[in-house]
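Undergrad: Fold the stuff below for me.
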Amino acid sequence: MEPQPRRRGRPAGARAGETPTRERILAAARSVFAERGYDKTSIRAIAKAAEVDPALVHHYFGAKEQVFEAAIEVSFAPALNIADLLAGGLEDIGERFARYFLGVWERPMTRAPLLAVVRSAVTNETAAAVLRGFVLRALVSRVVGELDVPDARLRAELAASQMVGVALLRYVVRIEPLASADVEEIVAYVGPTLQRYLTAGPAAGTH
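TA: Residues are numbered from 1 along each chain as shown. Model prediction:
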């Protein structure tokens, strides 16, 4: 009697009635990526942390790159409600943008995964490509859709680059006094620059 083919939904190691959810595997992936970074994380390590067979990780996400992308999406979830940020119009959008971005980093639940994402992107091109594609698709494109100004995409990318730079120095490199500065103090300094990026006309001679 020929053996029956294994069903995709229940790889070896997953017992009936105890098949872990996608969210459980993703939570384990976020934890392992945060602890080890992209290069030192493997599908096997994620599966071990989630207490599942590695085949189940592949079943839900595919390759490590896809797991990393899903982890990024969960990490950035608080920042994806960009419509609420722009609902107040363009007046004072610079300060609101800075405050909103820093607020995501200040939350303990999101800071560790974000640190892992940024550190991995700095040292690994695959991780950088995943982060770049996600930021462009999920963040910059949403801001562009709300900005009724010339060069909206360039403006949104410049604003994002400003805040990513602040995040790198404040939370990753931890340069003082920026690392210990009050959030509202940073907003007061950075907000006008973001406002100019997002709403002001270009300097004379640039067009």
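Undergrad: okay but residue 28 is in contact with residue 49, surely?
TA: Yes: look at residue 28 against residue 49 with Cβ atoms under 8 Å: they come within range, at 3.9 Å. C-beta coordinates here come from the backbone N, C-alpha and C atoms, glycine included.
Undergrad: Please identify which of the two sits among more neighbours.
TA: residue 28 (22 against 18; other Cβ atoms under 10 Å).
Undergrad: how about the more buried one, secondary structure?
TA: What DSSP: H, G, I helix; E, B strand; the rest coil gives for residue 28 is helix.
Undergrad: count of residues packed around residue 111?
TA: Neighbour number of residue 111 under other Cβ under 10 Å is 16.
Undergrad: Distance of it relative to residue 174?
TA: 12 Å (Cβ to Cβ, to the nearest Å).
Undergrad: This structure: strands as residue ranges?
TA: Applying DSSP state E to the chain gives no strands.
Undergrad: Sketch out the low-pLDDT regions of this protein for me.
TA: 1-20, 75-86, 138, 201-207 (pLDDT under 70).
Undergrad: Outline the domain layout of it.
TA: Split into domains by automatic domain parsing, the chain comes to 22-63, 76-199.
Undergrad: gap between the longest one and the chain center?
TA: Okay, so that is domain 76-199. 10 Å (Cα atoms, centre = their mean, to the nearest Å).
Undergrad: Please apply the same query to the shortest one.
TA: Domain 22-63 has its C-alpha centroid displaced from the chain centroid by 17 Å (Cα atoms, centre = their mean).
Undergrad: Between the two ends of that domain, how far is it?
TA: 14 Å (Cα to Cα, to the nearest Å).
Undergrad: okay, now residue 155: neighbour count?
TA: Residue 155 has 22 nearby residues by other Cβ under 10 Å.
Undergrad: brain fart, residue 73
TA: 14.
Undergrad: circling back to that earlier point, ranking the domains of the chain by burial, who's on top?
TA: Highest mean neighbour count of those: domain 22-63, a mean of 18 (counted as mean count of other Cβ atoms under 10 Å).
Undergrad: For the domains of the chain, give me JSON lines that also has distance to residue 69.
TA: Formatted as JSON lines, the domains of the chain follow (distance: least, Cβ to Cβ, whole Å):
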{"stretch": "domain 22-63", "distance to residue 69": "8"}
{"stretch": "domain 76-199", "distance to residue 69": "5"}
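Undergrad: so which of those comes closest to residue 70?
TA: domain 22-63 (5.8 Å; Cβ to Cβ).
Undergrad: Please list all residues in contact with residue 175.
TA: The contact partners of residue 175, by Cβ atoms under 8 Å, 6 or more residues apart in numbering, come to residue 169.
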